[in-house]
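Peer 1: Got a predicted structure here, sequence first:
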Amino acid sequence: MRCDQCRCETFVIHINDNHDKLCEDCYNGMKLKYFQLKEFACKCCGEVKMDKEFLQRLDSARARAGIPFKINSGYRCPKHNQEVGGNPNSAHMSGLAADIEAKTSRQRFIVDDALHAEGFKRMGEYSTFIHVDADNAKPQMVKWRGV
């Protein structure tokens with residue numbers, strides 16, 4: 001598969017519902033420092049339909065935290081979201097969410113603090129990860145605990 005912009009044949013991602021195909025270099029006009037787009041790929045179909053502003057804010061939070069952010073889940077196609085028991089209106093399906101591994105209380109504190117500092121207003125804390133999303137259609141200034 002070729003990139004629609006530079007015509008290279010490297011890892012190509014779909015970024016919108018029109019199925020525009022761009023390689024990571026072309027997509028990264030935003031220049032993420034700490035992430036590669038493939039970290040956010042759907043585990044079912046491999047597509048990456050992540051919101052650029054969300055990724056830039058997450059990259060800034062990672063810089064602020066000073067520790068690695070391992071992405072457990074980024075974009076989810078509807079099929080994969082259903083397979084994992086995700087919310088039918090999950091922000092993962094809009095490219096506005098990520099689950100960041102955080103297995104210790106120290107990791108959770110550092111990740112949470114950095115996300116807050118970068119203006120994220122929706123977070124869920126689970127035993128091994130933190131869910132963060134930027135879905136403005138959902139209630140803001142919320143934090144929940146999961147299992």
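Peer 2: Sure, I can see it.
Peer 1: Same question for stretch 47-55: list its buried residues.
Peer 2: The neighbour-count criterion (16 or more other CB atoms under 10 Å) identifies E47, V48, K49, M50, D51, F54, L55 as the buried residues of stretch 47-55. (Each C-beta comes from the backbone N, C-alpha and C, glycine too.)
Peer 1: Grab the nearest non-local neighbour of the last one.
Peer 2: Nearest-residue entry for L55: L32, 6.1 Å, with adjacent residues in sequence omitted and distances by CB to CB, 6 or more residues apart in numbering.
Peer 1: Let me know the secondary structure of that neighbour.
Peer 2: The three-state assignment at L32 reads coil, by DSSP: H, G, I helix; E, B strand; the rest coil.
Peer 1: neighbours of P88, just the number please.
Peer 2: 8 (other CB atoms under 10 Å).
Peer 1: Identify the residues contacting it.
Peer 2: With CB atoms under 8 Å, 6 or more residues apart in numbering as the criterion, the residues that contact P88 are N81, Q82.
Peer 1: Could you do S60 as well?
Peer 2: If you count contacts by CB under 8 Å, 6+ apart, S60 has them with E118.
Peer 1: before we move on, which element is it in?
Peer 2: Using DSSP states H and E, S60 falls within helix 52-65.
Peer 1: Against R145, how distant is the closest residue to A102 other than its chain neighbours?
Peer 2: Nearest residue to A102, sequence neighbours excluded (CB to CB, 6+ apart): R108, at 4.4 Å. Computed as CB to CB, to the nearest Å, the R108 to R145 distance reads 11 Å.
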